[in-house]
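# Below is the sequence, then the predicted model.
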Amino acid sequence: MLLHIGLDDTDSPRGGCTTYIAALLVERLLELGARFVDYPNLVRLNPNVPWKTRGNGAVCLRLEVDEALGGAVKKSVVDAVELHGEFSCDNTNPGIVFHTGEVPQPLKRFACRVIQGVVGLREAETLIEEHCASAVGYKNMRGFIGALAAVGEPLEGDHTYELLAYRTQENRGKPRRLDVASVIEMDEATRGETFSNFDPEAGRPLVTPHGPDPVLFGVRGGSAEAVHRAGMMLKTGEPIERWVIFRTNQGTDAHLRRLSGLSDLEPYNPAVVVGEVADRPRTIPGGHVIFSLRDETGKADCAAYEPTGRFRDIVRNLIPGDRVEACGGVRALDREGRRTLNLEKLEVLHLAQDIRLMNPLCPECGGGMESMGRGKGYRCRRCGFRDQGLTKRVVEEARGLALGLYLPPPRAQRHLTKPLERYGREKNRYVHGELYDPWHWP
Ligand SMILES: [Zn+2]
């Protein structure tokens, strides 16, 4: 039988990692005689939900197994989660979902909504009852949502790969030993095939996480072959316990949903909206840059936060009248009920003319003039010429901004954000001649 095993929410800020449990299970299930029909799937879910564990990533293992072995497989999964899950963390609520046979459309739609929005537990439980073989939940059961979404996202559209290498027990929690020069070499040797290896602005590798989790490094790329080749090029100063290649929706923009208007922005939801810049961007304490965007339906603030580095310079160059497409996640409503979109991407679609009114130039000598007071005309600063009839002149300032797509530096990007180097390299954009759309595909 075809068996899908969804896992979610086994990690905590203090350690653990759902992908590591998946890596252990791959070996255990192979020993039991399971045949994998796909790479383990790493499905990143809506990064804006407030109760997420670190990366908000769920995992699905898809395999063929003799029905007689079903019980042994399920026991292995439950044992692994109970042994390695971070049960002591309040915010960790593991969930396991077992589904047999093809993935039905209602589960695919559910997965879409968990990746692009906020979905309640009740709905997950109902779908599990209607469609799935069995499920095991712990504590507040919230892990059901991600586990079911992982089962329901078979990554039929655009997808990428990540090779994750894990540390041995004794090294976890210590600084990671990875040769930075080998990351730069790998980045250059695999350009176009891998992505988000290195942050040029900060001069720092992005393949290593910083938390106490067991991941030593992760290499992301367009094919399993590429991430394998790239991973093997990295030189580490500590042993690798094991590694696994995941197929994933990372770097695909799967979370971004196009809204018809700014009034549709909802807290904790990712969104793509088009609007007109309504005021000059302002820098607030902390170095964050904010401007307001408007369309026929309403108004919302857009924010480029301090960690987005030089991306803020792009945002600061916007002026009222510019037309932009803004992508990002909505924060919680503030006290006045205002919605703020945390910018992940910005496409400048139209640049307004930067018209400024300046004092006239002196008709006698060409020098700069100053006002003598309201309605009293102008006086030349250089030759003293005065004229009451002169008026301000209209000057068009050059714009320090070009049309195009802008992203924060790689270090500030979400797992799901499609980086610039992946544009044009998407997979399965068309299925049977039609643009792939997970909402409408049967
Ligand atoms: Zn003059």
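Arrived safely, thanks for sending. The shown structure was predicted, so the numbers you read here are calculated from the model rather than taken from an experiment.
# switch to C-alpha atoms for all contacts and neighbour counts from now on
Will do.
# Now do stretch 257-270: everything it contacts.
46, 48-50, 116-118, 255-256, 271-275, 294-300, 327-333, 339 (Cα atoms under 8 Å, 6 or more residues apart in numbering).
# What subset of those is buried?
Neighbour counting by 16 or more other Cα atoms under 10 Å classes 46, 48-49, 116-118, 255-256, 271-275, 294-295, 299-300, 327-332, 339 among the contacts of stretch 257-270 as buried.
# Among those residues, which lie within strands?
Using DSSP state E, the subset of these located in strands is 271-275, 294-295, 299-300, 327-330.
# Just put those residues in TSV and tack on distance to the ion.
What follows is these, written out as TSV (distance: Cα to the ion, whole Å):
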residue	distance to the ion
271	55
272	53
273	50
274	48
275	45
294	44
295	46
299	47
300	47
327	51
328	52
329	55
330	55
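# Identify the farthest-apart pair in those residues.
Put simply, by Cα to Cα the two of those set farthest apart are 295 and 329, 18.0 Å from each other.
# What is whichever strand or helix holds residue 394 packed up against?
Element membership of residue 394 [criterion: DSSP states H and E] is strand 393-397. Identification of packing neighbours for strand 393-397 by 3 or more Cα pairs under 8 Å, 6 or more residues apart in numbering; DSSP states H and E yields strand 354-358.
# distance between the strand it packs on and the chain's centre?
When distances are taken as Cα atoms, centre = their mean, to the nearest Å, strand 354-358 is centred 39 Å away from the chain's centroid.
# and it, what's its mean pLDDT?
Mean pLDDT, strand 354-358: 93.
# any residues touching that strand, and which ones?
The contact list for strand 354-358, computed with Cα under 8 Å, 6+ apart, reads 319, 392-399.
# can you do 10 Å?
Outside of strand 354-358, the residues within contact range by Cα atoms under 10 Å, 6 or more residues apart in numbering are 318-322, 368-370, 391-399.
# got the residues of the stretch 301-442 of the chain near the ion?
Selection of the stretch 301-442 of the chain residues close to the ion by Cα under 5 Å from the ion yields 362, 364-365, 367, 380, 383.
# export the residues you listed to CSV and tack on neighbour count, secondary structure and pLDDT?
Listed next are those as CSV, based on neighbours: other Cα atoms under 10 Å; DSSP: H, G, I helix; E, B strand; the rest coil; pLDDT from 0 to 100:
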residue, neighbour count, secondary structure, pLDDT
362, 22, coil, 96
364, 11, coil, 95
365, 12, coil, 95
367, 16, coil, 94
380, 21, strand, 96
383, 14, coil, 96
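# And these, which is closest to residue 215?
Nearest to residue 215 among these is residue 367, at 66.3 Å by Cα to Cα.
# That closest one: what's it in contact with?
Taking Cα under 10 Å, 6+ apart, we find residue 367 in contact with 360-361, 379-385.
# Of these, which belong to helices?
Among these, no residue falls in helices (DSSP state H).
# Paired strands for the strand holding residue 394, with orientation please.
Partner strands for strand 393-397, per DSSP bridges, with pairing direction: strand 354-358 (antiparallel).
# So what touches the following helix or strand past the strand it pairs with?
Beyond strand 354-358 on the C-terminal side, the first helix or strand identified by DSSP H and E is strand 369-371. Around strand 369-371, the neighbours that count as contacts under Cα under 10 Å, 6+ apart are 358-363, 377-388, 390-392.
# rerun at 8 Å
By Cα under 8 Å, 6+ apart, strand 369-371 touches 359-362, 377-381.
# And residue 348, which helix or strand is it part of?
Using DSSP H and E, residue 348 maps to strand 340-350.
# tell me the mean pLDDT for that strand?
For strand 340-350, mean pLDDT rounds to 97.
# just checking, what packs against it?
Secondary-structure packing of strand 340-350 (3+ Cα pairs under 8 Å, 6+ apart): strand 298-304, strand 323-330, strand 404-406.
# Just the C-alphas of the first one, formatted as CSV.
The reference is to strand 298-304. Taking C-alpha atoms only, strand 298-304 is exported to CSV below (Å, rounded to 0.1, in the frame of the first residue of the first chain):
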residue,chain,number,x,y,z
GLY,A,298,-8.2,51.0,1.4
LYS,A,299,-4.9,51.8,2.9
ALA,A,300,-2.2,49.8,4.7
ASP,A,301,1.3,50.4,6.1
CYS,A,302,4.3,48.6,4.5
ALA,A,303,7.4,48.1,6.5
ALA,A,304,11.0,47.2,5.7
